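> Next input, structure requested:
(2 chains)
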Amino acid sequence: MSDARTSSISDVLESAARHNHPLDPSADNTMVLNMGPQHPSTHGVLRMLLEIDGETVVSATPDIGYLHTGIEKTCEAKFYQQVVPMTDRIDYLSPMSNNLCYCLAVEKLLELEIPERAQYLRVVLNELTRIQSHLVWLGTHAMDIGALTVFLYCFREREKILRIFENVAGQRMMTSYFRIGGLALEPPRDFYAQVKEFLDQMPEKIAEYENLLTGNPIWMNRLKGVGTLSAEDAIALGVTGPPLRASGVDWDLRRDMPYSSYEKFEFEVPTSTVGDVWARYTIRMVEMYESVKIARQALEGIPEGRITADAPKIILPEREKMKTEMEALIHHFKIVTEGFAVPAGEVYQAIESPRGEMGYYVVSDGTAKPYRVHMRNPSFATLQAVETMCKGRLLADVVAVIGSIDIVLGEIDR
Amino acid sequence: MTLPALDESAVKETVWAADPALLALEKELPDAVTAAKLDRGEMTLTIGREHLIAVAKLLQKNHYNFLEDVTGVDWYPSEPRFQVSYHILSHSLKRRLRLAVRLTSIDPTVETMTTVWPSANFYEREVFDLFGVNFAGHPNMRRIMLPDEWEGHPLRKDYPVEGYR
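Numbering: from 1, shown residues only, chains lettered A, B, ... in the order given. So this is what the prediction gives:
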């Protein structure tokens, strides 16, 4: 088991100097290699300090914070509804998951009932988010390993999902489509046909990616047996999501602690006991099939009804009503200028984001602004396991390992 | 001492009445929990800081196997000023517990959780960086988000949103 000691940068440099001292006969000549922050395979601005002995990694120290923007502090100065657009910007590959998690947390504080129609639409959009996030992961991961073609295939399908998002929310990436209490708008009429067409095509396309990669000997050699993580280490180091399931822990929040009607859908949770980069690859591939399954069930089962909860003091009134009803106008004015008070208390809401467990800890002091918003992001915790996975392996495997844990630096640094 | 909230009938009807970890806590560390609150389906145990590690070890033995998150809340200007919240998940029971430790502004120090769950390493560094809470015995108690030479701890309530001018 790893002792989880992540030494600081000056420690690493100091020890490297000692290891290379010309007068010390016991010096083993290790070398410190600075990887990042502007390295294409670190998926953003991750800096890794690698101490290497020849080609073998002795220690790997992540250095983060390059994207720190103080989102948690900024949230404290905003009304509850104004925080939603900020949640998109934490993880730019899964904006809908962040929207959902924050909204669920505040809805729990408010004890709001969300209509089933809105819950189902949220599930459809969240599963599409998972597919598009996995597509970016697959494309970039394959590109890191040297399979450039897959990237183009993945982005072809991702573009279709982004078109769906644009159609629904008016935005391709920073959607901000969810609202506390429901959704911003009724989805456009062609939404159903558009999503259905995509879901019909998708399984074939996933098979196409698998065809490109799964049997490829270079791909297999680079992935199999690399970056192994045991179930005990995964739990001890806070790893969640696909890497946890690849290490043999059968845990998926969608199934085990369901939210937003997930208990109504049938799906499999893939697991593996191998725990290497290959296992993480296969698990995410199966997850994409399962996401298509869930999204289809949710899309076909969307009930009629409202898309927002019946709470006029929390949800903005319809535009038309504002022009004819005095009350609606007053509510609109009040919500926009004063926000709405949320009863005091603290909640922690977790969902299964594409990368693992995403949790929002929201503390209210009874006013219209959150007293504290904290995001528990999956990549932040998973990054701690990189050293355990890389130690004793070759330098080139570091790239495969970082690709396999699918990190997004925006959510690590916040 | 018994856990205050467990006496309430509202709790007795829920899953928490038979929770193995809570029962073990009541039996083995009766003095550790100073308050228990069941709010919106979430259980919060307020722990005296000297008991934190003993409680965590006991929870770990009783099905609560996964540390999800460590974070802080600044209740400035009231005292004790800082709250450190630990979210601990049980994979087998499918529920989570929140441990809360309150720390005074004069001595905001609590023992590190890394000896029980190594994953606390980054979380505690983050709390140290942004709140200035010290974790005694932490293997690498340094800033994680901000540069080493940064002054102040931004998530404290007396730190202005736009920084000191």
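
> Alongside chain B, which residues does the stretch 151-300 of chain A contribute?
Within the stretch 151-300 of chain A, the positions near chain B by Cβ under 8 Å from any Cβ of the partner chain are A:Ile235, A:Ala236, A:Leu237, A:Gly238, A:Val249, A:Trp251, A:Asp256, A:Met257. For every residue, glycine as well, the C-beta is placed using N, CA and C.

> Say whether chain B is contacted by stretch A:393-411.
No - judged by Cβ under 8 Å from any Cβ, stretch A:393-411 makes no contact with chain B; its nearest approach is 11.8 Å.

> picking that back up, which of the residues of the stretch 151-300 of chain A next to chain B has the most neighbours?
Neighbour counts for those (other Cβ atoms under 10 Å in any protein chain shown) peak at A:Gly238, which has 30 neighbours.

> re earlier: mind listing which of the residues of the stretch 151-300 of chain A next to chain B are in helices?
Assigned to helices by DSSP state H, the following of those qualify: A:Ile235, A:Ala236, A:Asp256.

> Redo the residues you listed as a markdown table? Include pLDDT.
A markdown table is the format used below for those (pLDDT from 0 to 100):
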| residue | pLDDT |
| --- | --- |
| A:Ile235 | 91 |
| A:Ala236 | 90 |
| A:Asp256 | 89 |
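
> which secondary structure elements does whichever strand or helix holds A:Asp144 contact?
For A:Asp144, the enclosing helix or strand under DSSP states H and E is helix A:116-145. For helix A:116-145, the elements it packs on are helix A:95-110, helix A:148-169, strand A:182-183, helix A:191-213, helix A:217-223, helix A:277-301, helix A:395-405, judged by 3 or more Cβ pairs under 8 Å, 6 or more residues apart in numbering or on different chains; DSSP states H and E.

> Just want the angle from the fourth one to helix A:116-145.
Which is helix A:191-213. Between helix A:191-213 and helix A:116-145, the angle comes out at 20 degrees (axes from the mean of the first three to the mean of the last three Cα atoms, to 10 degrees).

> Now do helix A:191-213: everything it contacts.
A:124, A:128, A:131, A:138, A:142, A:147, A:149-150, A:153-154, A:157, A:160-161, A:163-164, A:167-168, A:219, A:281, A:285, A:288-289, A:292, A:295-296, A:299, A:302 (Cβ atoms under 8 Å, 6 or more residues apart in numbering or on different chains).

> The second one now?
Residues outside helix A:148-169 that contact it (Cβ under 8 Å, 6+ apart): A:96, A:125, A:128-129, A:131-132, A:135-136, A:138-140, A:142-143, A:171-173, A:175-177, A:184-185, A:187-188, A:190-191, A:194-195, A:198, A:201-202, A:205, A:208-209, A:212-213.

> Phi first, then psi, for residue 47.
You didn't pick a chain, so chain A it is. The phi and psi torsions at A:Arg47 (degrees, to the nearest 10) take the values phi -110, psi 130.

> that answer is for a different chain, and I need it for chain B
phi -120, psi 140.

> What residues are bridge-paired with it?
B:Ile47 has these beta-bridge partners by DSSP bridges: B:Val33, B:Val101.

> Point out the residues in chain B that sit beside chain A.
B:39-42, B:44, B:65-69, B:71, B:73-74, B:85, B:87, B:91, B:94-96, B:98, B:114, B:117-119, B:121-123, B:130, B:139-140, B:142-147, B:154-155, B:159, B:161.

> Out of these, list just those in strands.
B:39, B:42, B:44, B:66-69, B:71, B:73-74, B:85, B:87, B:95-96, B:98 (DSSP state E).

> what's the angle between the helix holding A:Asp144 and helix A:95-110?
Using the same axes, to 10 degrees, helix A:116-145 lies at 140 degrees relative to helix A:95-110.

> Pick out the residue of the stretch 151-300 of chain A closest to chain B.
A:Gly238 (3.0 Å; Cβ to the nearest Cβ).

> right, and that residue touches A:Thr382 too?
Yes - contact status for A:Gly238 versus A:Thr382: in contact at 7.4 Å, counting by Cβ atoms under 8 Å.

> Kind regards, and thank you for your time.
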